[in-house]
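# I'll drop the sequence and a predicted model, then ask my questions.
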Amino acid sequence: MKFVGVQLSYFFSDTEVRRNVRSLMAYVAFVCAVIVVYAVVFHFVMLYEGEEHSWVTGFYWTLTVMSTLGFGDITFESDLGRLFSILVLVSGIVLLLIVLPFAFIRFFYAPWLESQVRMRAPRAVPRGMTGHVVVCGTDSITPVLVRRLEQEGVPYVVLEEDPAVAASHHLDDLSVVTGEVDSPATYRALALDRARLVVANREDTVNTSIILTVREVSPDAPVVAIANAEEAVDVLELSGATRVLPLKRWLGEQLANRVNALHARSHPIGHYEDLLLAELPVYRTPLAKRTVRETGLRQMTGVSIVGVWEHGHLRPARPDMSLSPSSVLVVIGTDAQLSALDELLVIYSANPNPVVVVGGGRVGAAAVRALRRRGVPVNLIEQQAALCSRLEAECGRVVVGDAADYERLCEAGILDAPSVVLTTNDDAMNVYLAAYCRKLNPDLRIVSRITHDRTLGAIHRAGADFVLSYATLGAQAVLSVLKGKELLVLGEEVDLFSVPSPRALVGKTLAETGIGARTGMTVIGLERDGEVTTDLSAETVLTPGSDLLMLGDAAQRAEFAEVFGTA
């Protein structure tokens, strides 16, 4: 009974529900009034026919006729009585059989079911939860971040304002709590004193409110805020954010870092301990049409080739693997070793023509500025004249118009460009442009952003060489803060994993483990006592206490754990 009382109390706490119930009660009162009127008229008509009945009989006849039961034990003989019977019958069909069920379902039963669903949404984290990550909203980053947190074994909870949506997520086994994002009570229920990180991933204005409310509840809780506009970075920092992630600017810079332009050189993409990971396009260098072994880069510069990008797919760097002009090497080494690599290749010219950037929004503008800082000439295609005028001073040529227009593409220099960067937030348009640009310039390097993971296969088939989504970058950035490491972005669905050597593999050589053949992961180094070794061979033995550094995707990481177990 206590639980039913709680349910009723929650049900009637909603203002709209109370208004709906009042409407339903008003309709029921109206139907009751009609029944009383019909019962009174029944007596007058019966008196007209010379008969007399009790009041109970009057109500009995009215209800049987209005409900269409019509037992036939009481009938009228006159035309007036029969016309009255028709009126009662028709009005009963409308009022009792049509309108009343609809009103009951609309104003009571459906809201009652909805309230039951809403009550299933958790209002607080489990009592024993600790070291968890609080995600303050559901956006494009959330599914990717949640998936990565589950892979890392980090507990999490997603804050959802709508109880119905929260209940749906809860039924889908998503760890969720419902509550208002600007209410201190919500964050007390989220146990911020035991939380490992709070992620503010809403609009900039809402993120400011979230940060200030979190600070009211827990002054020391680490808060990471995602800034949509560059102007919001300072505001979020002043509000109390521990770290602010300007993801759209970073996305543009990551895309710009993957283009081919000017002289052949490596493009650093991140650090791991004291080592630097970089990408090296093979296009227009002597490395094309050689095998990995024949390049001799390790002997000449000390860098190790740990992977090869081919048409959007990262392949393990096998010694006998042949490199094509479209290959992009993933290398690892020290700053000095990468400098030696650049000195070796600087004499080779990739292409001096301007890079074409499609789209002048926040991501496109960031890509243009990043390229200009490197001294790379840029031509821009943008439909909005206002955005074009804002970037005109930073571009060699600005073309106003539709990028799908052949004339506009040619005016921007697509036929001779070394690379094109597609920055629109329309996945369908990016797929279309990737296919179109590949047809116009087969040697072009195509770098593109995407919004949805499901587009990844299509845009690679269309001809894109490198693809990165806002969601993947956001999840990677949050995880880097969580782990206290520098952001390292290899690409869509590719990551660097550090895994303790499983007991089943200790004492075996890399050749004997069969890690690549059995899981698809690529071992790029071994870490022991804080020192990383990348000079590996098939005869390298895995020692106790060492960690494997591997490249792969989430599915391959899970396969590795299933096949080889844990340390």
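Received it, and whenever you're ready, just let me know what you need.

# my guess is G307 meets R318, correct?
No. Judged on CB atoms under 8 Å, G307 makes no contact with R318 at a distance of 10.4 Å. To be clear about C-beta, it is placed using only N, CA and C from the backbone, and glycine gets the same treatment.

# Looking at those two, which has the bigger crowd around it?
Each of G307 and R318 has its neighbours counted (other CB atoms under 10 Å); G307 has more, 23 against 14.

# The strand or helix carrying the more buried one: which residues count as buried?
G307 belongs to strand 304-310 when elements are defined using DSSP states H and E. The neighbour-count check on strand 304-310 (16 or more other CB atoms under 10 Å) flags S304, I305, V306, G307, V308, W309 as buried.

# all strands for the stretch 1-150 of the chain, in order.
Counting by DSSP state E, counting those that start in this stretch, the stretch 1-150 of the chain has strands at residues 133-135.

# Quick one: low-confidence residue ranges for it.
1-14, 117 (pLDDT under 70).

# mind giving me the domain split of the chain?
When the chain is parsed with automatic domain parsing, its domains come out as 2-119, 133-245, 265-347, 355-471, 494-564.

# who does H263 bridge with?
S349 (DSSP bridges).

# Near it, how many residues? Count them for me, please.
14.

# residues in contact with T186?
Shown in contact with T186 (CB atoms under 8 Å, 6 or more residues apart in numbering): L159, V177, G179, E180, T213.

# Quick check: the farthest pair among those?
With CB to CB as the measure, no two of the contacts of T186 lie farther apart than V177 and T213, at 14.6 Å.

# ok, E273 - contacts?
By CB under 8 Å, 6+ apart, the neighbours of E273 are E527, G530, V532.

# So which of those sits lowest on pLDDT?
In terms of pLDDT, G530 ranks lowest among the contacts of E273, with 76.

# Quick check, pLDDT for the closest residue to that one other than its chain neighbours.
Counting by CB to CB, 6 or more residues apart in numbering, G530 lies nearest to E273, which is 7.3 Å off, once chain neighbours are set aside. Turning to E273, the model gives it a pLDDT of 75.

# any idea how far V447 is from E273?
28 Å (CB to CB, to the nearest Å).

# quick check, M550 in a strand?
Yes. Under DSSP: H, G, I helix; E, B strand; the rest coil, M550 sits within a strand.

# Relative to A221, how far out is it?
33 Å.

# Restricted to strands, list the contacts of E273.
E527, V532 (DSSP state E).

# Distance to W61 and neighbour count for the contacts of E273 - can I get that in JSON lines?
Shown next, in JSON lines, are the contacts of E273 (distance: CB to CB, whole Å; neighbours: other CB atoms under 10 Å):
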{"residue": "E527", "distance to W61": "91", "neighbour count": "20"}
{"residue": "G530", "distance to W61": "95", "neighbour count": "7"}
{"residue": "V532", "distance to W61": "94", "neighbour count": "17"}
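
# can you tell me which residues contact D465?
R258, W309, H311, G312, S326, V328, R445, I446, V447 are the contacts of D465 under CB under 8 Å, 6+ apart.

# now those: which count as buried?
Using 16+ other CB under 10 Å, the buried ones in the contacts of D465 are R258, W309, G312, S326, V328, R445, I446, V447.

# Out of those, which is nearest to V133?
Once CB to CB is applied, the member of those that ends up nearest V133 is R258, at 29.1 Å.

# Next, the contact list for that closest one, please.
H267, E279, R445, V447, D465, F466.

# Let's see that with 10 Å instead.
The neighbours of R258, taking CB atoms under 10 Å, 6 or more residues apart in numbering as the test, are 267, 269, 279, 281, 309, 328, 367, 419, 421, 445-448, 465-468, 489, 491.

# Among those, which ones are in strands?
Using DSSP E, the contacts of R258 in strands are 267, 269, 279, 281, 309, 328, 419, 421, 445-448, 466-468.

# Now for these: which two are most distant?
Farthest pair in the ones in strands among the contacts of R258, by CB to CB: I269 and I446, 17.9 Å.

# Buried residues, the biggest helix by length in the chain. List them.
Counting residues, the longest helix found in the chain (DSSP state H) is helix 15-48. Buried residues in helix 15-48, counted by 16+ other CB under 10 Å: 17, 20-21, 24, 27, 31, 34-35, 38-39, 42-43, 45-46.

# So which elements touch that helix?
Judged by 3 or more CB pairs under 10 Å, 6 or more residues apart in numbering; DSSP states H and E, the packing partners of helix 15-48 are helix 2-12, helix 55-66, helix 79-92, helix 100-104, helix 110-119.

# Where does pLDDT dip in the protein?
Short version for the chain, where the test is pLDDT under 70: 1-14, 117, 349-350, 567.

# Return the backbone torsion pair for the residue nearest in space to the middle of it.
In the chain, the centroid-proximal residue (CA atoms, centre = their mean) is S140; its distance is 2.5 Å. Backbone torsions for S140, taken as degrees, to the nearest 10, come to phi -70, psi -20.

# So it is in contact with H452, correct?
Yes. Judged on CB atoms under 10 Å, S140 makes contact with H452 at a distance of 7.7 Å.

# Now for those two: what residues contact both?
Listed as contacting both S140 and H452 by CB under 10 Å, 6+ apart are S469, Y470, A471.

# what's the closest non-adjacent residue to the second one?
Meaning Y470. With CB to CB, 6+ apart, the residue lying closest to Y470 is L251, at 5.8 Å.

# what do you get for the first one?
Spatial nearest neighbour of S469, chain neighbours left out: I450 (4.7 Å); criterion: CB to CB, 6+ apart.

# Quick one: residues contacting the one you found.
422, 425-427, 430-431, 456, 458-459, 464, 467-472, 492.

# Over to R318?
So R318 contacts T291, V292, R293, I305, V308, G516, T522 (CB under 10 Å, 6+ apart).

# Let me have those residues in CSV, extended by distance to V144 and secondary structure.
CSV is the format used below for the contacts of R318 (distance: CB to CB, whole Å; DSSP: H, G, I helix; E, B strand; the rest coil):
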residue, distance to V144, secondary structure
T291, 36, strand
V292, 32, helix
R293, 37, helix
I305, 29, strand
V308, 25, strand
G516, 26, helix
T522, 22, strand
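
# Tell me the one of the residues you listed nearest A336?
I305 (17.4 Å).

# all helices of the stretch 151-300 of the chain, in order?
Here the stretch 151-300 of the chain has its helices, by DSSP state H, counting those that start in this stretch, at 163-171, 184-189, 204-217, 232-239, 247-256, 292-295, 297-301.

# doesn't P354 make contact with V376?
Yes. Counting by CB under 10 Å, P354 is a contact partner of V376 at 7.7 Å.

# Looking only at neighbour counts, state which of those two leads.
Neighbour count, other CB under 10 Å: between V376 and P354, P354 has more, with 22 against 19.

# Hmm, C395 and that one touching each other?
Yes. Using CB under 10 Å, P354 is in contact with C395, at 8.3 Å.

# if I look at these two, which residues touch both of them?
L371, P377, V378, N379, L380, A412.

# And the closest residue to G252 other than its chain neighbours, how far from E230?
Once flanking residues are discounted, G252 sits nearest to A366: 2.6 Å by CB to CB, 6+ apart. The gap separating A366 from E230 is 8 Å, by CB to CB.

# Now do the shared contacts for these two.
The contact lists of A366 and E230 share P246, K248, R249, where a contact means CB under 10 Å, 6+ apart.

# In these, which residue is surrounded by the most others?
K248 (25 neighbours).

# how near is that residue to D274?
In terms of CB to CB, K248 sits 31 Å off from D274.

# What of A475?
For A475, the distance to D274 - CB to CB - is 26 Å.

# Can you pick out the residue with more neighbours from those two?
Shown here are A475 and D274; by other CB under 10 Å, A475 has more neighbours (22 against 10).

# would G525 count as being in a strand?
Yes. Checked against three-state DSSP, G525 lies within a strand.
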